[in-house]
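Student: Have a look at this fold, sequence not included:
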């Protein structure tokens, strides 16, 4: 993680979806930066109330109930904002699958509303948090997030240099609300079974701290229109379930053999594997020390310009898509060590 404290001095930042797992983590990482002012918005009334109580004594933090689709309200709240970190979204695949119009209203039209806000207040930088499900999407959620990425790239193409628009893609944030680990923990505590959709399912994984670091790093290494992807570990979900049973069953008074694994079949729109880049994008992807950087397709960038703009380049000729079915899987011992060292369990 790069120390970007100097970039935030005297700045005002708007965080959308402030009550979400990632939004809240970002708030916790930057609120004590020197002379920073933070505006947080969310439409989750109860969570907003509790977050306000938590940060009530900090005069540099203002939290508001606001919907990202309401441009008038956004503008009223955010007039002097320098940076926007846009984490608000509908993110559950199954919910979006059964409520596609709401996914479009929030993830697509809501993102356009943030872009309109950025242009109206002439802020410096806007960053969108996206998902691996936006790559070759097979569900409504992924499709809506792909469109939100494209809106950001298009906005940057039309921009005269300010604001600068950047996107980031996450893998599965372990331990976040809606992730598989809280579900598995609950099922183990209740004596099982653990419900698994497919034995062959693989996923990219990252911790919440890694996800928030991706956001904070990408905010300032981007020049506009890029999509940044953190290099991540890959695991098989069945192996993850077995490790969790091995570690946690005895803690809840069960033998390892007491907790069964039940295969229930894939949910609507769910993929067996996940992708963070696709075959079209690799022709304009560069590999950096900690990231893959997908350059915008709307602007031709010569090799000399790439060298001038980006640091820590390891490879300018990426040849393979970043696909969880093609990457080396973590062993069960590696999964166990990772979960324990990161204090996820």
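Tutor: Nice, I can see it. Predicted model, so just to flag it, every value in this text is computed and none were measured. Numbering: from 1, shown residues only.
Student: what ranges of the chain fall below the confidence cut-off?
Tutor: 1-5, 177-178, 298-302 (pLDDT under 70).
Student: 50 instead?
Tutor: Along the chain, the model assigns pLDDT under 50 to residues 1.
Student: ranges for the helices of it?
Tutor: Using DSSP state H, the helices of the chain run over residues 5-8, 21-30, 45-54, 71-77, 93-98, 100-103, 110-121, 140-158, 180-189, 208-221, 237-248, 303-309, 332-341.
Student: would CSV of those helices with distance to residue 39 and mean neighbour count be doable?
Tutor: C-beta: built from backbone N, CA, C; applies to glycine. Converted to CSV, the helices of the chain look like this (distance: least, C-beta to C-beta, whole Å; neighbours: other C-beta atoms under 10 Å):
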stretch, distance to residue 39, mean neighbour count
helix 5-8, 14, 15
helix 21-30, 11, 21
helix 45-54, 13, 13
helix 71-77, 6, 16
helix 93-98, 27, 18
helix 100-103, 25, 16
helix 110-121, 11, 21
helix 140-158, 20, 22
helix 180-189, 29, 17
helix 208-221, 16, 21
helix 237-248, 37, 20
helix 303-309, 30, 12
helix 332-341, 35, 15
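Student: Could you point out which of the ones you listed sits nearest residue 195?
Tutor: Nearest to residue 195, of all those, is helix 180-189, at 6.8 Å by C-beta to C-beta.
Student: any idea how far the closest one is from the chain center?
Tutor: Distance of helix 180-189 from the chain centroid (C-alpha atoms, centre = their mean, to the nearest Å) equals 22 Å.
Student: any idea how far residue 160 is from residue 146?
Tutor: For residue 146, the distance to residue 160 (C-beta to C-beta, to the nearest Å) stands at 26 Å.
Student: Centroid-nearest residue for this protein?
Tutor: residue 170 (3.9 Å; C-alpha atoms, centre = their mean).
Student: Does that residue touch residue 132 like I think?
Tutor: Yes - contact criterion C-beta atoms under 8 Å: residue 170 and residue 132 qualify, at 6.9 Å.
Student: Verify the contact between residue 26 and residue 84 for me.
Tutor: No - counting by C-beta under 8 Å, residue 26 stays clear of residue 84, with 11.8 Å between them.
Student: ok, now which ones touch the residue nearest to the centre of the chain?
Tutor: Going by C-beta atoms under 8 Å, 6 or more residues apart in numbering, residue 170 touches 22, 129-132, 206, 211, 214, 230.
Student: cutoff 7 Å now
Tutor: For residue 170, the contacting residues are 129, 131-132, 206, 211, by C-beta atoms under 7 Å, 6 or more residues apart in numbering.
Student: Can I get these in JSON lines including distance to residue 175?
Tutor: Output for the contacts of residue 170, formatted as JSON lines (distance: C-beta to C-beta, whole Å):
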{"residue": "129", "distance to residue 175": "17"}
{"residue": "131", "distance to residue 175": "16"}
{"residue": "132", "distance to residue 175": "17"}
{"residue": "206", "distance to residue 175": "10"}
{"residue": "211", "distance to residue 175": "10"}
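Student: Return the member of these nearest to residue 164.
Tutor: Nearest to residue 164 among those: residue 129, at 15.8 Å, using C-beta to C-beta.
Student: What's opposite the closest one in the beta bridge?
Tutor: Beta bridges link residue 129 to residue 168, judged by DSSP bridges.
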